[in-house]
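Novice: give me a 3D structure for the following:
(chains A and B)
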Amino acid sequence: MRKLLISIAMLSLLPPGGFADTAEEKGLKIAVEADRRDQGWQDSKAALQMILRNRQGDTSERKIRSRTLEVEGDGDKSLIIFDHPADIKNTAFLSYSHATTPDDQWLYLPALKRVKRIASANKSGPFMGSEFAYEDISSPEVDKYGYKWLRDETIDGQEAFVLERIPRYEHSGYTRQEAWLDKEHYRVLKVDYYDRKGALLKTRVASEFKRYLNQYWRAHRMDMENHLTGKSTTLVWSDFELRNGFSERDFDRNSLKRAR
Amino acid sequence: MTSRKQLLLTIAAWLPLSLWAEQSDWQVSGFVSGQAWYFWQEPLDPIQSDSNVSLAVRPEFYKAWNEGRDSINFIPFGRVDQRDSDRTHFDIRELKWQHVGPDWELRVGADVVFWGVAESTHLVDIINQTDVVENIDGEDKLGQPMVNLSLIRDWGTIDFFVLAGFRKRTFPGPAGRPRIHPPVNPDAAVFESDDEEESIDLALRWSHTIGNWDIGLSHFHGTSRDPRFGFDADASGAIFLFPIYEQIDQTGVDAQLTWNSWLWKLEAIRRTGQGESFNAAVGGFEYTLYGLLDSATDLGLVGEYLYDGGPVETRSPFESDVFTGFRFTLNDEQSTEALFGCTLDLNSSSRFCSIEARRRFGAHWVGSAEVRTFSSVPRLDPFFTLRQDDYIQLELAYYF
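Specialist: Here you go, the predicted structure:
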């Protein structure tokens, strides 16, 4: 948050009107505005279904539940509980995300009743064998990227900004991303991910948006396609709820052991 | 034999229990598994065989109310073994009521508690007795009846434990394999405390996360989970070992520093009450190479040094040893992973190696394999009598 305020303060020093903005300044403004519109939701919970598809079209399914706590001045805290496949049931994953420093992550292994702090340098690794990497599902803090506005474009009938995002954190699997944000609501509709060699690796399309508390837009479906392997993953959200009254206590290491 | 009866009772009770649970708001999960073993060396004792099969079941029943603040867990476990009547056994791993308060938690009943950070041995972990017949790696535990109060404060979590009753360690019977020689007769156990299995033991632990550090400090006062042994002979003149459970005090510290791709780990204990006081420690690292050769595979490198100043027969075979391990995690749909590891005794050059691998098939089946070998074991090494017990174990489990 502090860095964000500095960013906003710096922006306010700029002359009014868009003419003086460089593409980088305009890009940052878009990211800051998207972040501003998505503040104050406090906490959320949701059930997720993941459908993993290989090149041959065979599918397998994962079911997880997630709880997230909005943290002012830092990245969000989240708890993910695994429900399916049955052999990983009751496994739980706790993450305190940070904008530019490594996240703090713990894994609870129910077979050993063991809470293990894990290295968070695996940002580019696949989440549960899916096409989503850990960095794709972690909380989208402004300071995680450097920005550049590329162009305006219409996507699925919606006017959108096309924004380049360059990961600032270490161990990212991407050199850059291109994100499409609709001009009306600043929702991320689509992201192209470019790998370390600069080639287009994956595309994520968000859909089935619903608005909560008259303000917060949430996609209820995301499709991630891997262009190199031909595999894809669909994430479907259900039972989404904001402002459940969660506290820090619901995201400590003790809660990890008894998460259900 | 009573354990076999208990097991049959569990299985008989399990079916109606499951059906009933389906009708109520109990959550039911767990697994049923089958194991096959093969030993390719001549057994030391002719009563032992070169193969074995066994079946196990471990359902879990869970119910929560009061918006999740109260819950009950029930995890019975049972195994039937083809060769070893002592490996055919039944246990209640968990049967506990849990209440979660604003800054405290209370658990009453049988439970399993894990402490520690190391991979090759678990020194500070002392609440539960080891179920040795399940696996010689010491990671299977018997349920311990207890009252556990956790106080959650800004400066860490304090756990108080009152451990009501002592569980004797399980040991393979004469026909069991792998096992040490001569066999251990758990029923002939002797206790320092007159309370024997009715002993009430106490433990206390503080744990906290400070930045990149996860730290724990613990103290245990009560009956040692690790026995020493005495020799005796039965009526027929056959020699056996009997466990001696002494009263000990053990103070432990465990710490992990998580830094980039590195985990640095330390566990150390000081124990009094088993002969002379002694120290033991394990320390080392785990370093992970993410996305090996541009694949999704992670390779974890584990290196640990183990020192144990305890009397030879009480504890781990790790007097002054080095463990090296390689963990492959494929991060694929089937969650395929494999761990290759060897413990080398620096004094005797004896070597204990193992491979553990697992893979999911479909949505419910998990296949796993385990190979353990004992090489160049000198006569005075605790592994000496396991020297002919190299084995491969295949397991297929159905999770529900």
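Novice: make it CA atoms for all contacts and neighbour counts henceforth
Specialist: Noted.
Novice: all helices for the chain, in order.
Specialist: Just so you know, I chose chain A. Remark: helices assigned in chain A by DSSP state H are A:2-13, A:23-37, A:134-137, A:253-257.
Novice: chain B is the one I meant
Specialist: Under DSSP H, chain B gives helices at B:2-23.
Novice: residues touching residue 118, list them.
Specialist: In the absence of a named chain, this looks at chain A. Taking Cα atoms under 8 Å, 6 or more residues apart in numbering or on different chains, we find A:I118 in contact with A:D104, A:Q105, A:W106, A:L107, B:T258, B:L263.
Novice: please refer instead to chain B.
Specialist: B:K265, B:L266, B:E267, B:V282, B:G283, B:G284, B:E304 are the contacts of B:A118 under Cα under 8 Å, 6+ apart.
Novice: dump those residues to CSV, plus neighbour count, pLDDT and distance to chain A.
Specialist: Compiled in CSV, the contacts of B:A118 are given as follows (neighbours: other Cα atoms under 10 Å in any protein chain shown; pLDDT from 0 to 100; distance: Cα to the nearest Cα, whole Å):
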residue, neighbour count, pLDDT, distance to chain A
B:K265, 23, 98, 11
B:L266, 20, 98, 14
B:E267, 27, 98, 14
B:V282, 28, 96, 17
B:G283, 22, 97, 16
B:G284, 21, 97, 15
B:E304, 23, 97, 17
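Novice: ok, of those residues, which one's closest to B:G109?
Specialist: B:E267 (27.9 Å; Cα to Cα).
Novice: now the closest one. Nearest residue, chain neighbours left out?
Specialist: Nearest-residue entry for B:E267: B:D254, 4.3 Å, with adjacent residues in sequence omitted and distances by Cα to Cα, 6 or more residues apart in numbering or on different chains.
Novice: and that neighbour, how close does it get to A:L109?
Specialist: 18 Å (Cα to Cα, to the nearest Å).
Novice: which stretch in the helices of chain A is the model least sure about?
Specialist: Note on the helices of chain A: helix A:2-13 shows the lowest mean pLDDT, a mean of 50.
Novice: pLDDT score for the residue of the stretch 151-260 of chain A found nearest chain B?
Specialist: Of all residues in the stretch 151-260 of chain A, A:R249 sits closest to chain B, at 7.7 Å by Cα to the nearest Cα. pLDDT for A:R249: 92.
Novice: related to what we said a few turns ago, I figured the residue nearest to B:E267 hits B:H219, correct?
Specialist: No. Between B:D254 and B:H219 there is no contact under Cα atoms under 8 Å: 11.7 Å.
Novice: okay, the two: which has more neighbours?
Specialist: B:D254 (25 against 19; other Cα atoms under 10 Å in any protein chain shown).
Novice: check the gap between the more buried one and chain A for me.
Specialist: Separation of B:D254 from chain A (Cα to the nearest Cα, to the nearest Å): 12 Å.
Novice: and the closest residue to B:I248 other than its chain neighbours, what is it in contact with?
Specialist: Nearest non-adjacent residue to B:I248, counting by Cα to Cα, 6+ apart: B:G273, 4.4 Å away. By Cα under 8 Å, 6+ apart, the contact set of B:G273 is B:E246, B:Q247, B:I248, B:D249.
Novice: what does the stretch 301-400 of chain B put close to chain A?
Specialist: B:N331, B:D332, B:E333, B:Q334, B:S335, B:G362, B:A363, B:H364, B:V366, B:Y399, B:F400 (Cα under 8 Å from any Cα of the partner chain).
Novice: go through stretch A:187-195 and flag the buried ones.
Specialist: Buried residues in stretch A:187-195, counted by 16 or more other Cα atoms under 10 Å in any protein chain shown: A:R187, A:V188, A:L189, A:K190, A:V191, A:D192, A:Y193, A:Y194, A:D195.
Novice: repeat that for stretch B:269-280.
Specialist: Buried, per 16+ other Cα under 10 Å, within stretch B:269-280: B:I269, B:R270, B:R271, B:T272, B:G273, B:Q274, B:F278, B:N279, B:A280.
Novice: model confidence for the second one, exactly?
Specialist: pLDDT, the model's per-residue confidence, is 97 for B:R270.
Novice: I'd like to know which residues of chain A are adjacent to chain B.
Specialist: Residues of chain A lying close to chain B (Cα under 8 Å from any Cα) are A:52, A:60-61, A:85-87, A:102, A:104, A:112-114, A:116-122, A:124-130, A:249.
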